[in-house]
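Q: Any chance you can model this:
(one chain, ligands or ions: 1)
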Amino acid sequence: MKRSQLRAIPAVEKVLQALGDAGLPRPLVLDVVRRELAALRKSQSVPEFDAVVAQIREALRELGGSRIRPLLNGTGILIHTNFGRAPLAERVIEAVAEIGARYNNLEYGLAGGRRGGRAAYLERSLAVLCGAEAATVVNNNAAALVLILRHFCHSGSAGTRSAPPRNEVIISRGELVQIGGGFRIPDILETSGARLREVGATNKTTLSDYSRAVSRETALILKVHRSNFFMDGFVESPGTEEIAALARSKKVPFVEDLGSGAMIETETIAGLEHEPTPAEVIRRGVDLVCFSGDKLLGGPQAGLIAGKAKLIDSLKRDPFFRALRCDKLILAALEATVDAYLCGEPNLPTLRMLRMTADELRRRAQVLCEALAGLPLRATAGSGRAQIGGGTLPRSAIESVTLDLAHNSIPPQEFAARLRDQPLPVIGYVARGAVKLDLRTIFRDQDAALLAAIRAACNS
Ligand SMILES: *Cc1c(COP(=O)(O)O)cnc(C)c1O
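A: Numbers count the residues shown, from 1 in each chain. The predicted structure is shown next:
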């Protein structure tokens, strides 16, 4: 690119004209143009006009690409945090559309004709699903945990002997984990005003470690499900029942962060281990359990809390609860999701994908391969290992089937980039000289779109 210190910065109007229709709202285009020109002004040397326009066009393309839009997930990772976690069921989407587009009884008691409670139906149905006395919901599981910690931790009044601090949270060293980006249990504790009281060792914690740590300053005992990694070998930790009995005898709340919130017996699916359900840990004696709405539950982003009615009521009276409450769209989506479980036929996309057999997928792969005949690539059915993802069941892999694409002249990394660059982007992974697209996470009704994207990638 030829640069000159003498060349003038082009006029905004002239650049706008040269850009033509960028497919973005005009104020956004204008903003990008102004920013890019301002950067040029600072850089002291100005490229030729065409190069300036090309650079701005690239910046616009990047901005447009960051807009939220659908894509085809060929990674085989079912609950992919980068891809919006759980896709929602049809009837869940219908509920969201219906409630979102018109007025509704969000906080209105129809019988009395006046202001009513919020989320009453959802809270009851969620409690029933979890086998708990009560339940409630906030924006995500991180928020649920922060609410619980803040609520039960009191720093006491400085200088008065009558109110000692009660803000220690007892947790095993084996559970001081990081879950995904920016979620570290020790940091969450700290921002919530809790003091960390670590017990045991990374691989071994005993009941007496817990018991010795309980004091007048204990606010609660926290158990965090190791959702995204596993430990093997010389490993020991007391059972939930034992910790629950200890917590009861010491009169401190026992809380478990379960993470994924599986409502089905995951071990009935080939390749999966058992994932504890909220109902199961409540039966074992935890006072409160919290988990995500958009992981294995298969619903929208939310943080669900279930357990003792007294504790749930108390959480809901906390002024901070108001700052974390869900809106009508999430409540509608969650209600429909929980209803689907209670009706005994949760026809949710994530569960359907889990249950798909390898034979089914192989047949689909064959049809796709035949449809791709004539293109300058070799399309074959390959084998893959799908995963739950979302920091869940890290040890489990489900036998899966991939569509393997090896282009005759384009290297796989570049072909993968071309697939990502389509109007409906396709994301796969490269292995053994081919782009692999796991069919378990690509919806069957997206097969035609998948074929179109592959053809376009060959021609682009
Ligand atoms: C995923 C996860 C969280 C965070 O949940 P979000 O809904 O993403 O806020 C917290 N704890 C555990 C154990 C998790 O697996």
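Q: contacts, neighbours, all on C-alpha from now
A: OK.
Q: then stretch 264-283 to PDB, C-alphas only?
A: Once non-C-alpha atoms are left out, stretch 264-283 reads as follows in PDB (Å, rounded to 0.1, in the frame of the first residue of the first chain):
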ATOM      1  CA  ILE A 264     -33.100 -36.700  33.100                       C
ATOM      2  CA  GLU A 265     -31.100 -39.800  34.100                       C
ATOM      3  CA  THR A 266     -28.100 -39.000  31.900                       C
ATOM      4  CA  GLU A 267     -26.600 -42.500  32.400                       C
ATOM      5  CA  THR A 268     -29.500 -44.000  30.300                       C
ATOM      6  CA  ILE A 269     -27.800 -42.400  27.300                       C
ATOM      7  CA  ALA A 270     -24.900 -44.400  25.800                       C
ATOM      8  CA  GLY A 271     -21.600 -42.800  26.600                       C
ATOM      9  CA  LEU A 272     -22.800 -40.600  29.400                       C
ATOM     10  CA  GLU A 273     -22.100 -40.800  33.100                       C
ATOM     11  CA  HIS A 274     -24.500 -40.000  35.800                       C
ATOM     12  CA  GLU A 275     -25.100 -36.300  36.400                       C
ATOM     13  CA  PRO A 276     -26.700 -35.500  39.700                       C
ATOM     14  CA  THR A 277     -30.200 -33.900  39.400                       C
ATOM     15  CA  PRO A 278     -31.500 -31.100  41.600                       C
ATOM     16  CA  ALA A 279     -34.100 -33.500  43.000                       C
ATOM     17  CA  GLU A 280     -31.400 -36.000  43.900                       C
ATOM     18  CA  VAL A 281     -29.200 -33.500  45.900                       C
ATOM     19  CA  ILE A 282     -32.300 -32.100  47.700                       C
ATOM     20  CA  ARG A 283     -33.200 -35.700  48.700                       C
END
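Q: anything in that stretch near the ligand?
A: No: figure legend: stretch 264-283 not in contact with the ligand (C-alpha under 6 Å from any ligand atom); closest approach 11.6 Å.
Q: buried residues in that stretch?
A: 264, 266, 271-273, 275-279, 281-283 (16 or more other C-alpha atoms under 10 Å).
Q: What of stretch 285-305?
A: Within stretch 285-305, the residues scored as buried using 16+ other C-alpha under 10 Å are 285-305.
Q: Okay, and which of these map to helices?
A: The helices, defined by DSSP state H, take in nothing from the buried residues of stretch 285-305.
Q: Run through the residues that contact the closest residue to the ligand within the stretch 201-350 of the chain.
A: Using C-alpha to the nearest ligand atom, residue 259 is the residue of the stretch 201-350 of the chain that sits closest to the ligand, at 3.4 Å. By C-alpha atoms under 8 Å, 6 or more residues apart in numbering, the contact list for residue 259 reads 141, 224, 225, 227, 290, 291, 292, 392.
Q: mind checking how far it is from residue 354?
A: 19 Å (C-alpha to C-alpha, to the nearest Å).
Q: Output the below-cut-off pLDDT ranges for this structure.
A: Scanning the chain for pLDDT under 70 picks out 1-6, 156-162, 227-229, 391.
Q: Could you chop it up by domain?
A: 3-64, 72-85+352-459, 90-347 (automatic domain parsing).
Q: is it true that residue 223 lies in a helix?
A: No: Residue 223 is assigned strand when assessed by DSSP: H, G, I helix; E, B strand; the rest coil, not a helix.
Q: Use 34 as the first number from now on
A: In the new count, where the first residue is 34, that last one comes out as residue 256.
Q: Tell me what it is bridged to.
A: residue 289 (DSSP bridges).
Q: Contacts for stretch 306-322, please.
A: Stretch 306-322 has contacts (C-alpha under 8 Å, 6+ apart) with 162-165, 273-274, 277-278, 286-291, 294-300, 323, 338-341, 344, 426, 428-429.
Q: Let me fix that, I meant to ask about stretch 246-255.
A: Applying C-alpha under 8 Å, 6+ apart, the contact partners of stretch 246-255 are 185-187, 197-204, 230, 232, 280, 283, 285-290.
Q: ok, now stretch 129-136?
A: Residues contacting stretch 129-136 (C-alpha under 8 Å, 6+ apart): 361, 362, 363, 365, 366.
Q: got TSV for the residues you listed, with distance to residue 461 too?
A: Compiled in TSV, the contacts of stretch 129-136 are given as follows (distance: C-alpha to C-alpha, whole Å):
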residue	distance to residue 461
361	35
362	31
363	30
365	33
366	29
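Q: Which ones among those map onto helices?
A: Reading helices off the contacts of stretch 129-136 with DSSP H, I get 361, 362, 363, 365, 366.
Q: quick check, nearest of those to residue 115?
A: residue 363 (19.4 Å; C-alpha to C-alpha).
Q: Now the closest one: closest residue in space that isn't a chain neighbour?
A: residue 333 (6.3 Å; C-alpha to C-alpha, 6 or more residues apart in numbering).
Q: still on that earlier bit, among the contacts of stretch 129-136, which are in reach of the ligand?
A: Okay, of the contacts of stretch 129-136, nothing touches the ligand (C-alpha under 6 Å from any ligand atom).
Q: from those, which is closest to residue 108?
A: Once C-alpha to C-alpha is applied, the member of the contacts of stretch 129-136 that ends up nearest residue 108 is residue 366, at 25.8 Å.
Q: Am I right that that closest one is in contact with residue 128?
A: Yes: contact status for residue 366 versus residue 128: in contact at 6.3 Å, counting by C-alpha atoms under 8 Å.
Q: okay, the two: which has more neighbours?
A: A count of neighbours by other C-alpha atoms under 10 Å puts residue 366 above the other of residue 366 and residue 128, at 24 against 20.
Q: That one and residue 134, how far apart?
A: Applying C-alpha to C-alpha to residue 366 and residue 134 gives a distance of 14 Å.
Q: related to what we said a few turns ago, next step: the contacts of residue 292 restricted to strands.
A: 257, 323, 324, 325 (DSSP state E).
Q: Distance to residue 212 for these - can I get that in TSV?
A: Shown next, in TSV, are the ones in strands among the contacts of residue 292 (distance: C-alpha to C-alpha, whole Å):
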residue	distance to residue 212
257	10
323	15
324	13
325	12
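Q: Filter the contacts of stretch 246-255 down to the buried ones.
A: Using 16+ other C-alpha under 10 Å as the burial test, the contacts of stretch 246-255 include 185-187, 198-204, 230, 232, 280, 285-290 as buried.
Q: Out of those residues, name the ones that lie in strands.
A: Using DSSP E, 201, 202, 203, 204, 230, 232, 287, 288, 289, 290 are the members of the buried ones among the contacts of stretch 246-255 that sit in strands.
Q: returning to what we had before: can I get the contacts of residue 292 in CSV including distance to residue 475?
A: As requested, these are exported to CSV (distance: C-alpha to C-alpha, whole Å):
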residue, distance to residue 475
174, 27
257, 32
258, 29
260, 25
323, 30
324, 26
325, 23
425, 20
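Q: Keep only the residues you listed that also lie close to the ligand.
A: 174, 257, 258, 260, 325.
Q: quick one on the thing from earlier: just the closest of the ones in strands among the buried ones among the contacts of stretch 246-255 to residue 50, please.
A: Compare each of these with residue 50 using C-alpha to C-alpha and the shortest gap goes to residue 290, at 55.5 Å.
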